[in-house]
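> using only what follows, build the 3D model:
(2 chains)
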2 protein chains.
Amino acid sequence: MKIILVGATGTIGRKLYDELSPRYEVIKASANRGDVKVDITSTDSIRKMYQQVGSFDAMVITAGSGYIGPFEQTTEEHFYRGIRSKMMGQINLVMIGKDYINDNGSFTITSGILADEPIKGAVVLNTINSALHGFVMGATVELKRGIRLNVISPGMVEDSLEELGPFFPGHIPVPMDKVVKAYLKSVEGVINGQVLRVY
Amino acid sequence: MKIILVGATGTIGRKLYDELSPRYEVIKASANRGDVKVDITSTDSIRKMYQQVGSFDAMVITAGSGYIGPFEQTTEEHFYRGIRSKMMGQINLVMIGKDYINDNGSFTITSGILADEPIKGAVVLNTINSALHGFVMGATVELKRGIRLNVISPGMVEDSLEELGPFFPGHIPVPMDKVVKAYLKSVEGVINGQVLRVY
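Okay, here's the model as predicted:
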């Protein structure tokens, strides 16, 4: 199986690479490093990446960001930065990639617990993560050739505790191993159209 | 109570005007007609409208659209048109309007059943309507001065049966009166942060 891992250098992406690379051909894609470069905010860059990589069997995306900061200072531009990155970045990777992926291939995208729970200052991510759940519901029923699509919604992972802990009072950090397993369920399993909540 | 009704000339907006205008001061806002004009895709236009109207007690939004059409032909631009209109249009009306609305005022925005159920060709609206549910969850916990925010998620209303029926096989048309009542529950009631599903 040939897997494109977008966001291979991130907190979750690195662990996924370690897990997947001994068993599969994993192409690391990220903004600045990796086997191929891709700017997920640009459809031109996304198309170029697919043309470079050629056919593949699975794509896993752990890329994209969204603003966390004071609600009163949250602007339209904060929303659009997140929309262009984590929301439409992942959506465009799927919508364009569906023409390049092999029969019975799979896409696994990433949302997060902020789709289900509010924290202070995260209205942009509440919005974007929820949008991604809606996208998976709608796109799944239309994808052809046995192509599957799932979204992993991780809670705050243990590895981010130091950086993100203060933003998530009362949240129990999720073991990274549990998060990695959810991605495996999507990539190696048979499920389709699911939101895998790892909280 | 002074209410700004955005989308006053639409299918639901017209009925809301008939219901609310005998009891309250209702300012009709829409793209081309009404007491004030507003282009909800433009934050400049939104700001101008708020400056024109002055303080108010409630805003009800039944405006904004999103593409329905063949999945294979759905482009990034189809997504962005819906994002700029139904998604960010409503979000910007709330995020900017929170500085103009009176204490204990309320915002009532509109999503739709496509946040919860897929139909053919509606991936853009699945995405956008879901985003609006996430926005309400996140924004509600941050709004100050007793300001409330709810979202009405109507099913296919009876009045749209002829136009939309073929897109919604098996959906039971929702009586307009039931939809109007949900808006009243938000505007005249005390609920906050809720998704009112009228299916």
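
> just checking, what packs against the helix or strand hosting A:Ala29?
In the assignment (DSSP states H and E), A:Ala29 maps to strand A:25-30. On a contact count with 3 or more CB pairs under 8 Å, 6 or more residues apart in numbering or on different chains; DSSP states H and E, strand A:25-30 meets strand A:2-6, helix A:11-20, strand A:36-37, helix A:43-53. C-betas here are computed from N, CA, C, even on glycine.

> determine which stretch of the ones you listed is the most buried.
strand A:2-6 (a mean of 25; mean count of other CB atoms under 10 Å in any protein chain shown).

> that one pairs with which strands, parallel or anti?
strand A:25-30 (parallel), strand A:56-61 (parallel) (DSSP bridges).

> which one, of the helices and strands packed on strand A:25-30, ends up nearest to A:Ala139?
Among the helices and strands packed on strand A:25-30, helix A:43-53 comes nearest to A:Ala139, with 15.8 Å by CB to CB.

> just the angle for the closest one relative to strand A:25-30, thanks.
160 degrees (axes from the mean of the first three to the mean of the last three CA atoms, to 10 degrees).

> contact partners of helix A:43-53?
A:4, A:27, A:29, A:36-40, A:92-93, A:96-97, A:100, B:76 (CB atoms under 8 Å, 6 or more residues apart in numbering or on different chains).

> on that earlier part again, for the strand holding A:Ala29, what is the average pLDDT?
The pLDDT scores in strand A:25-30 average 96.

> now what about it, what contacts it?
With CB under 8 Å, 6+ apart as the criterion, strand A:25-30 contacts A:1-10, A:13, A:17, A:20, A:34-38, A:49, A:53, A:56, A:63.

> kindly report the residues of chain A close to chain B.
Within chain A, the positions near chain B by CB under 8 Å from any CB of the partner chain are A:43, A:71, A:74-76, A:79-80, A:83, A:87-88, A:91-92, A:95, A:114-115, A:117-118, A:120-135, A:137-142.

> redo that, cut-off 6 Å
Residues of chain A lying near chain B by CB under 6 Å from any CB of the partner chain: A:43, A:71, A:76, A:92, A:115, A:118, A:122-123, A:126-127, A:130-131, A:133-135, A:137-139, A:141-142.

> in which helix or strand does A:Val94 reside?
Applying DSSP H and E, one finds A:Val94 within helix A:88-97.

> and that helix, what does it pack against?
helix A:43-53, strand A:56-61 (3 or more CB pairs under 6 Å, 6 or more residues apart in numbering or on different chains; DSSP states H and E).

> residues of the worst-scoring helix or strand of chain A on mean pLDDT that come out buried?
In chain A, no helix or strand scores lower on mean pLDDT, DSSP states H and E than helix A:161-164, which sits at a mean of 92. By 16 or more other CB atoms under 10 Å in any protein chain shown, the buried positions in helix A:161-164 come out as A:Leu164.
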